[in-house]
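J.: structure, please.
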Amino acid sequence: MLEVRALQTSYGRSQVLFGVDFCVPNEKVVTLLGRNGMGKTTTVRSVMGIVPPRSGTISFQGRSLEGLASYRIAQAGLGLVPEGRQVFPNLTVRENLVATAANRRSDPNPWTLERVFALFPQLRERQRHYGNQLSGGEQQMLAIGRALMTNPRLLILDEATEGLAPLVRIEIYRSIERLKGEGLAILLIDKDVAALARVADRHYVLEKGRVVWSGSSAELGANPEVQHRYLGV
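T.: Residues are numbered from 1 along each chain as shown. From the prediction side, this is the model:
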């Protein structure tokens, strides 16, 4: 579904990515792993056109995304849940969700308010509250719901559970497992390696802007050296 090859990205004269390669197959969950500052968020921003890559190729369902504006990439079917959530603070929960609603590919079972509220019942209860009145966990649920309302083919979550309470993290991962079960392709970034291993089909480990290892959850679990060398604090 998403294929990234030889991706190089810089911020001014500072190069961050040095030929990143990975792919997200249809209906699969793929992770980008690595310590802070290794290039995971820059990779996501490059895919979404927020930071134009210096070179490399990005294709989505066979269509090249290089050079497209971010909104065009979103319209192509990529839904982003950004790091820090970034919900609209002066809009209600309902307004945040309705603001992004679109069904450009005429899905017969599109994401609606009711489907989002069924996935996250707390949002139904808080639907008239403003974005800045929500807890961090509720804001993350809202950010996921907002992305789903665009009816994406691929959902990208950057730091899916960063700063959230343990019980909320469990709920977020339950929702990810449910979305996977419904056949949604997901690109996932998070620090909870154990939770990622339970839900993901394949992992890519980044170190200083390069993919240094990739494999399945079983292979990751059987390779403690990779976890210690590239993921340990």
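J.: can we go C-alpha only for contacts and neighbour counts from here?
T.: Noted.
J.: what comes up buried for stretch 87-104?
T.: 87-88, 91-97, 101-103 (16 or more other Cα atoms under 10 Å).
J.: ok, stretch 64-73 next?
T.: For stretch 64-73, a neighbour-count test (16+ other Cα under 10 Å) marks 65-66, 70, 73 as buried.
J.: just how off-centre is the longest helix anywhere in the chain within its chain?
T.: Looking across the chain with DSSP state H, the single longest helix is helix 166-181. Helix 166-181 sits 13 Å away from the centroid of its parent chain (Cα atoms, centre = their mean, to the nearest Å).
J.: just the helices in the protein please.
T.: Counting by DSSP H, the helices of the chain are 40-47, 70-75, 93-99, 113-119, 121-125, 136-148, 166-181, 193-199, 217-221, 224-226.
J.: quick check: which of those helices is buried the most?
T.: Neighbour counts (mean count of other Cα atoms under 10 Å) averaged over each of these peak at helix 136-148, with a mean of 25.
J.: quick one: low-confidence parts of this structure?
T.: Flagging of the chain using pLDDT under 70 yields the residue ranges 233.
J.: ok so, going back, tell me which of the buried residues of stretch 87-104 is nearest to residue 157?
T.: residue 87 (13.9 Å; Cα to Cα).
J.: residues in contact with that closest one?
T.: Taking Cα atoms under 8 Å, 6 or more residues apart in numbering, we find residue 87 in contact with 96, 131, 139, 142-143.
J.: reformat those residues as JSON lines; add distance to residue 232.
T.: Formatted as JSON lines, these follow (distance: Cα to Cα, whole Å):
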{"residue": "96", "distance to residue 232": "37"}
{"residue": "131", "distance to residue 232": "34"}
{"residue": "139", "distance to residue 232": "28"}
{"residue": "142", "distance to residue 232": "30"}
{"residue": "143", "distance to residue 232": "28"}
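J.: going by distance to residue 204, which of the residues you listed wins?
T.: residue 143 (24.3 Å).
J.: residue contacts, the closest one?
T.: 81-82, 85-87.
J.: of those, keep whichever come out buried.
T.: Buried subset of the contacts of residue 143 (neighbour count, 16+ other Cα under 10 Å): 81-82, 85, 87.
J.: make CSV from the residues you listed and add distance to residue 159 to it.
T.: Listed next are those as CSV, based on distance: Cα to Cα, whole Å:
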residue, distance to residue 159
81, 9
82, 8
85, 9
87, 15
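J.: taking helix 136-148 as reference, get the angle to the longest helix of the chain.
T.: 20 degrees (axes from the mean of the first three to the mean of the last three Cα atoms, to 10 degrees).
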